[in-house]
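[1] My questions are about this predicted structure, shown below with the sequence.
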Amino acid sequence: MSQVQTVQGAVEEDELGVVLAHEHVRFRDEAVAVEWPVRYDEQLEFDAALVAVQAAKHEGVRTIVDPTAMFGGRDVRFMKRVADETGVQIVACTGIYSYDYLPHYFENRDVDMMADHFVEDIEIGIQGTEIRAAFLKCAADAAGVTENVEKIHRAIARASLQTGAPIMAHSMPAVATGPRQVEIFEEEGVHPAKVQIAHCGDTDDVEYIEGLIDRGVYVGLDRYGLEMYLPIDKRNATAAELLRRGHAEHLMISQDFCATIDWFPREAADVFESQGAIRKWSMTLVFEEVVPWLREQGAMDDASFQTIFVENPKRWLTA
Ligand SMILES: [Zn+2]
């Protein structure tokens, strides 16, 4: 049996249980947070994380995969405090969350040197702790796969080859980044079963998503509640169709919820909710509305629930 690294140490793969494959206990710009720490309230953030994770726990979640990487304010000590307090296992990553920008530090170092940084996080520990990363994270967004984004993807791929760690790649279906991201991983020799392309559920173009699945990767239907990208009825219809076509073994369902996020002033959340840009965004929406709806439609049964929330994350994390 394989083991998976969590912020509390390694656990047996069968201890992962029901997994939310993409949630953030906190998301913030680490540079701003370091320069103006008084603008942040650590206790408030911690409390928000506890509320979100406890709610998930009540729905039966035993493990949360938290793909907060560099530029998302990754803080494994914070994550471990949340895991210790809630009893929910949290799986941390290494990598760079950038749509293009790279610090001069990495601009002037090559792909392999960048990969070394990720390997250290996987094999030794993160941020001076013994907490090890279980997977690798990179991103491509509206700007597409720019030169810097490609460099990060290649470094991620090489770190995966060296360590065996799986990969999660943030994608943007609106500009179809997914196929090129998969192509880069393939060029570097990464097996597609190690790759999860996140945010595919932001489109209802089933053919696009199926095109990715056909290449052997996992796809994330992982932004439930973020109506601004795609409303829930369209997300659900897409999920149901993918299940009807027999793709349960390639799907991850999650919410990309951020218990706190500093991208907007705090009061903006209420405005977004009132304008319908977000709706019931949380770590529990998929259990409250999505799973019940899919079951009602006959698109999901106990077996496919188990496949999506237990087996797929486990298979991906131990690939
Ligand atoms: Zn995310």
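    Sure thing, it's come through. Numbering: from 1, shown residues only.
[2] low pLDDT regions in the stretch 1-150 of the chain?
    The model of the stretch 1-150 of the chain has no residue with pLDDT under 70.
[3] and Tyr224, how far is that from Phe264?
    19 Å (CB to CB, to the nearest Å). (Each C-beta comes from the backbone N, C-alpha and C, glycine too.)
[4] So for the two, which sits in the more crowded spot?
    Tyr224 (26 against 10; other CB atoms under 10 Å).
[5] mind checking pLDDT for that one?
    Listed pLDDT for Tyr224 reads 98.
[6] what sits against Ala21?
    Listed by CB atoms under 8 Å, 6 or more residues apart in numbering, the contact partners of Ala21 are Val65, Gln196, Gly220, Asp222, Met252, Ile253, Ser254, Asn312, Pro313, Trp316.
[7] where exactly do the helices run in this protein?
    For the chain, the helices defined by DSSP state H cover 30-35, 42-58, 76-86, 104-107, 111-123, 147-163, 178-188, 206-213, 232-244, 268-275, 285, 291-296, 302-306, 312-317.
[8] contacts for the first one?
    This means helix 30-35. Arg39, Tyr40, Met70, Phe71, Gly72, Gly73, Arg74, Asp262.
[9] Out of those, which two are the most distant from each other?
    Arg39 and Met70 (20.1 Å; CB to CB).
[10] Name the residue in the two with the higher neighbour count.
    Legend: neighbour count by other CB under 10 Å for Arg39 and Met70, higher for Met70 (20 against 10).
[11] ok, what's across the strand from the more buried one?
    Met70 forms beta bridges with Ile96, as assigned by DSSP bridges.
[12] Going by neighbour count, which residues of stretch 101-120 are buried?
    By neighbour count on 16 or more other CB atoms under 10 Å, the buried set for stretch 101-120 is Leu102, Phe106, Arg109, Val111, Met114, Ala115, His117, Phe118, Val119.
[13] Could you measure from the nearest residue to Thr129 once chain neighbours are set aside over to Glu288?
    Leaving aside its sequence neighbours, Thr129 sits nearest to Val76 (CB to CB, 6 or more residues apart in numbering; 5.8 Å). Distance of Val76 to Glu288, computed by CB to CB: 29 Å.
[14] Neighbour count: these two, which is higher?
    Between Val76 and Glu288, Val76 has the larger neighbour count (other CB under 10 Å), namely 25 against 14.
[15] is it true that the more buried one touches Glu130?
    No. Look at Val76 against Glu130 with CB atoms under 8 Å: they stay out of range, at 9.8 Å.
[16] any residues touching stretch 152-161, and which ones?
    Residues contacting stretch 152-161 (CB under 8 Å, 6+ apart): 94-96, 98, 102, 111-112, 114-115, 118-119, 122, 136-140, 145, 165-167, 169, 181, 184-185, 188-190, 194.
[17] For ChimeraX, write the select line for the buried members of those.
    The following ChimeraX line selects those of the contacts of stretch 152-161 that are buried, judged by 16+ other CB under 10 Å:
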select :94,95,96,98,102,111,114,115,118,119,122,136,137,138,139,140,145,165,166,167,169,181,184,185,188,190,194
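[18] okay but Val51 is in contact with Ser282, surely?
    No. The criterion here is CB under 8 Å, and Val51 misses it with Ser282 at 9.4 Å.
[19] got a list of what Met228 touches?
    By CB under 8 Å, 6+ apart, the neighbours of Met228 are Phe272, Ala277, Ile278.
[20] give me that answer again for 7 Å
    Counting by CB atoms under 7 Å, 6 or more residues apart in numbering, Met228 makes contact with Ala277, Ile278.
[21] what's the answer for Leu243, then?
    Taking CB under 7 Å, 6+ apart, one finds Leu294, Ala299, Met300, Ser304 in contact with Leu243.
[22] Quick check: it vs Gly298, distance?
    Taking CB to CB, one finds Leu243 at 9 Å from Gly298.
[23] again, but for Trp281
    27 Å.
[24] higher neighbour count, those two?
    Neighbour totals were compared for Trp281 and Gly298, and Trp281 leads with 19 against 10 (other CB under 10 Å).
[25] ok, for the more buried one, nearest residue in space, not its chain neighbours?
    Gly225 (3.2 Å).
[26] Next: Arg244.
    Closest to Arg244 by CB to CB, 6+ apart is Ala299, at 6.1 Å.
[27] Provide a list of residues in contact with that neighbour.
    Ala240, Leu243, Arg244.
[28] can you list these in JSON lines and add distance to Cys200?
    Putting the contacts of Ala299 into JSON lines (distance: CB to CB, whole Å) gives the following:
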{"residue": "Ala240", "distance to Cys200": "15"}
{"residue": "Leu243", "distance to Cys200": "14"}
{"residue": "Arg244", "distance to Cys200": "17"}
